[in-house]
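Colleague: What follows is a predicted structure for the sequence shown.
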Amino acid sequence: MVDYKEIESKWQRRWHEARIFDAEPVEGKKFFITVPYPYTSGPLHIGHGRTYTIGDIIARFKRLDGYNVLFPMAFHVTGTPILAIADSIARRDKAVIEQYRGYIAIYEERVDAILERFKDPKAVANFFSERISEDFNRMGYSIDWRRRFNTTEPMYNRFVEWQFKKLYDKGVIKKGKYPITYSIEDGSAVGEDDIEGGDTDKVSVIEHTAIKFGLEDGSYLIAATLRPETIFGVTNLWIRPDARYVRLRVCDEEWIVSREAGEKLRYQKAGADIEVLAEIAGSEIVNMRVKEPVSGREVPVLPANFVDPDVGTGVVYSVPAHAPYDYIAVEDLKRTGELPDTAIEPIKIIDIEGYDLPARDICIEMGIESQTDERLEDATQTIYKEEFYRGVLNERCGRFAGIKIADIKDEVKDWLRTQGVADVFYETSRKAVTRSGAKVVVAVLEDQWFIDYRAGWWKDRAHKLVSRMTFYPEKYRAYMHEIIDWLALRPCARKRGLGTRFPFDRNWIIESLSDSTIYMALYTIAHLLRDVPVESLTEAFFDYVFLGRGDVAAVARDTGVNEDLLNRIRAEFEYWYPNDLRHTAPPHLSNHLVFFLMHHAAIFPEDKLPRAITLNELMIREGKKMSKSRGNVIPLAKVSELYGVDLYRLYCAINADFGAVVNWREEDVDALRRKFNALVALFEDSIDEYALNESEFMHMDRWLMARFYRRLKESIERFRAFRLRDAAINMFFEMVNDVRYYEQRTDVARRRRMVRNLMDAWLVVLSPIIPHICEEIWHRLGHERFISLAKLPEVRTEFMDVRVEREEEYLISLVDDINEILHVARIERPKRIYVYTAEPWKYEILRAIKDVPARDKIKAAMQVRKDETTVEFVKRVMKSNIEYFELSEGAIMAREREYLERVFGCELVIDSEYDPGDKRRAALPLKPAIYVEFATQHSTAVPNDPASG
RNA sequence: GCGGGGGUAGCCGAGCAGGACAAAGGCGCAGGACUUAAGAUCCUGUUCCGCAGGGAUACGUGGGUUCGAAUCCCACCCCCCGCACCA
């Protein structure tokens, strides 16, 4: 048995020792490929591995294709997650500790000792970046590790600062108000990684419209809503009688909201001074009357227990025509007699096809009768969605009448605000707590820093860039254009987390997506910067290196970096940039990737802008998404042990095209393993063989050569077009099938020798996908150099031979035809098979009409040979779709007579005068007539004989 | 609702600048070879009908264009993703 693990580690070691993937600028074409650096908060799994593996396959292929390839890697450390993890471990958070015990155990036995160190975020980052880099080596990735860095290094900080200075100079760094998720208890912003379950169930900030309903005493009940347009249909307010409310002074107004909402408002109106004047029971408010602010109608305040004081303002305005909760609550009150039957009538304000009174209709349809029914949530969702997209405001809505809600919502909101009857209230999209259990609310930051992506010049440049880049799959190009259009303001700094200090306000830290946009440029020079003191990495330094600005001597003097080194750094950047290919996954399109494009477009000149983007879909396992919570992830670190690296790489390449999801199924993996082993065995079987001399080539040898070089040519073309899957299937499944067939037609010994003829070239094309085993066999064949550094085999067109392939096709179809006859006629033991090739006149006609359009074929044929049988013949030709090709059928059959006789176990007679079945006339060119003589059948039962049953 | 991607045999999944497509490849299943046996491997078959290489039906549904459609056009149904202030 082949010891794949041994082979893997042997070649990884030798590649490393020979430093063959360290890329230096040399003459000739270059190829600079990047794949996003991994975030080092934990181990990677086989799903992540797909993207890196494909990146490596491309890198390896490009090397074979004659490019000087740079494939670098670094580690992403910035942001809050790693910090949050370290904090959680420091405060002995059980779930996190369990999780990280598991993670460490993948790699190490001394779990506790390492976990202890994880109180320090740096230790987390270091541990995982170290382990991941080992994983990558174990996957056989052809990475130049000299250029490795991580995103918290001073060098990187300097680089990111430079980026922000460039953006600042372009006038796109701005400051303003911004709502964020926030923990009052911790006094700080919280991101999805700080929030309990935030990674799987994201918490976002939702802007509500807070509408002021006037009470008699001049104060307001504040009702928060997501549907301000429904104000026209309000019939009453809802208050929870057993909840506590507060009377607040907000600027010069008095507001009444739930106690919880009052607390939240303090963080949302940081500028205004807010004071709690009094606390009131909900029940005290019930039955008051308020003025609806748009038309001044008086509506009552009623009790409802579906109201949650911790959602919104704890005051809800009621639109029973369009909100299922409101409808049911009104019905409830009527039923219990608390409200007269006629007291509250729904006011319909939205016309929508298929509904009369939407809220009532859906409650009846779903059979909802109580305000505690959980399905009310579904009903609400359905109605909201339907009305938003399809609903039109009716005549009760004044200036907004006749317009679709989707088109008018924002205008209604703005109108209410400018009228002074509404304000903004932010709420989280769901109730959330931090990992330490503190409540998450929305706070408004007054001086948030943004990147403003709205500038016209910027979007233009980005669109132009996208238009001329290569995308594979192509569909993502259009999507990227759209994303660029959506992009607007984006917060780019936070108060906490690891990362680079914001250069214009050192209290802020640059957010972790904004610092990962143009870092590919740093790869080109990272190894050289190791010799440069951090203080020297000034704006002028990077301006010179990346933009060629300034004078070498002056920059050298100012930075203290000697001129030669400076020039060398500049030259290396010039050599490698632009990034020829960014390979990543679609979830990055709308964040990393669009920033990558935008920031390049803003900062670099045209000739340094990225050239191509390829994306591969994700990987699922046994038909299901992989996730921590499902517990169905396989760590990348285990691939070698569980499956073997080459097998995994092959599976990634062959299971799906980039645009499709890879389904990791054990059953399929096993099947592929068997095929893979068979291929290896095929190669091993030929290692000690001598290649067949070309002068000894017979028909089948030429056939195999023809097949091979045709496939080789196709595969190289597919590889170049990133169609790895097609290339892999062709060189793997299909080619192996050809060899199998060859062996069937010849014999094992000859196959061994012929495979030796093909092996060198075959191994080279397969090596990007399964590098370890190819390297092993390559060396066992006596090659001294690494296959990883080989060049693509020459496509030897002299062996590409259509005729030989056609001849074999002809033979295959003849065998099929005879088999079919034997089957249909139930002939078990044929005695003699007569084969009749078509008469010469049929060839003549076929030749004459091959290029004639279908409707004229008969006419043309009649000119050659005026006969009834000609018409019959042409009709059959047209029906059977015979394509004209000159083959000497008789010669082929004569040559293969022995084979055919062996296959059918009887004598074969070609073109005999003896034609008892009168078959010859049925013969078509390339489709000879067949007559089978057989011994009397004796075993055939008489089907309908009742006596025999 | 808008935008994008899909719906192919028992399953997965190619094909989709119209013709050789009953539809690649894989899995599964059945039969055979090899084997003491199992496994592996290799052959054959796998819509229905047919005692001579044929025919019928089929690529979500229904129409259309064409000598010819899984492939093009139209309508409809269903599934997935994005959009309803997160860019």
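Modeller: Looks like it came in fine. Treat the numbers as computed from the prediction; the structure is a model and nothing was measured.
Colleague: neighbouring contacts of the host helix or strand of residue A:810?
Modeller: Using DSSP states H and E, residue A:810 falls within helix A:802-824. If you take C-beta atoms under 8 Å, 6 or more residues apart in numbering as the criterion, helix A:802-824 is touched by A:699-700, A:702-703, A:706-707, A:710, A:827-828, A:830, A:833, A:835, A:885, A:887, A:889, A:892-893, A:896, A:900, A:903-904, A:926-928, A:930, A:932. In short, each C-beta sits where N, CA and C put it, glycine included.
Colleague: one more time with 7 Å, if that's ok
Modeller: A:699, A:702-703, A:706-707, A:830, A:833, A:885, A:887, A:892, A:896, A:903-904, A:926, A:928, A:930, A:932 (C-beta atoms under 7 Å, 6 or more residues apart in numbering).
Colleague: Restricted to buried residues, select those residues in PyMOL.
Modeller: The buried subset of the contacts of helix A:802-824, as determined by 16 or more other C-beta atoms under 10 Å, is captured in PyMOL by this line:
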select buried, chain A and resi 699+702+703+706+707+830+833+887+892+896+904+926+928+930+932
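Colleague: Which ones among the contacts of helix A:802-824 lie within helices?
Modeller: A:699, A:702-703, A:706-707, A:892, A:896, A:903-904 (DSSP state H).
Colleague: Select the longest strand from chain A.
Modeller: If you go by DSSP state E, chain A has its longest strand at strand A:440-452.
Colleague: related to what we said a few turns ago, give me the buried positions along the helix holding residue A:810.
Modeller: Result for helix A:802-824 [16+ other C-beta under 10 Å]: buried residues A:804, A:806-808, A:810-811, A:814, A:818, A:822.
Colleague: will you turn these into CSV that also has distance to RNA strand B and pLDDT?
Modeller: Formatted as CSV, the buried residues of helix A:802-824 follow (distance: C-beta to the nearest atom of the strand, whole Å; pLDDT from 0 to 100):
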residue, distance to RNA strand B, pLDDT
A:804, 16, 87
A:806, 10, 83
A:807, 14, 85
A:808, 13, 86
A:810, 11, 83
A:811, 12, 85
A:814, 7, 84
A:818, 8, 85
A:822, 9, 81
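Colleague: Could you single out the nearest of those to residue A:416?
Modeller: Closest approach between these and residue A:416, by C-beta to C-beta: residue A:806, at 78.0 Å.
Colleague: Quick check: residues of the stretch 201-350 of chain A near RNA strand B?
Modeller: Neighbours of RNA strand B within the stretch 201-350 of chain A, by C-beta under 7 Å from any atom of the strand: A:204-207, A:226.
Colleague: Tell me which two in the ones in helices among the contacts of helix A:802-824 are the farthest apart.
Modeller: Among the ones in helices among the contacts of helix A:802-824, A:706 and A:904 lie farthest apart (C-beta to C-beta), at 26.2 Å.
Colleague: from the middle of its chain, how far away would the helix or strand hosting residue A:103 be?
Modeller: Using DSSP H and E, residue A:103 maps to helix A:94-107. How far helix A:94-107 lies from its chain's middle: 27 Å, per C-alpha atoms, centre = their mean, to the nearest Å.
Colleague: Mind listing what's buried along it?
Modeller: Within helix A:94-107, judged by 16+ other C-beta under 10 Å, the buried ones are A:96, A:99-100, A:103-104, A:107.
Colleague: Can you name the two of the residues you listed that sit furthest apart?
Modeller: With C-beta to C-beta as the measure, no two of the buried residues of helix A:94-107 lie farther apart than A:96 and A:107, at 17.6 Å.
Colleague: Residue A:592: how many residues sit nearby?
Modeller: 17 (other C-beta atoms under 10 Å).
Colleague: separation between it and RNA strand B?
Modeller: To RNA strand B, residue A:592 is 11 Å away according to C-beta to the nearest atom of the strand, to the nearest Å.
Colleague: so that residue sits right up against residue A:516, yeah?
Modeller: Yes. Counting by C-beta atoms under 7 Å, residue A:592 touches residue A:516, with 6.3 Å between them.
Colleague: So the spatially most central residue of chain A, which state does it fall into?
Modeller: Central residue of chain A (C-alpha atoms, centre = their mean): residue A:617, 3.0 Å from the mean position. At residue A:617 the chain is in coil, as set by DSSP: H, G, I helix; E, B strand; the rest coil.
Colleague: any weak-confidence spans in the stretch 451-600 of chain A?
Modeller: The stretch 451-600 of chain A contains no residues with pLDDT under 70.
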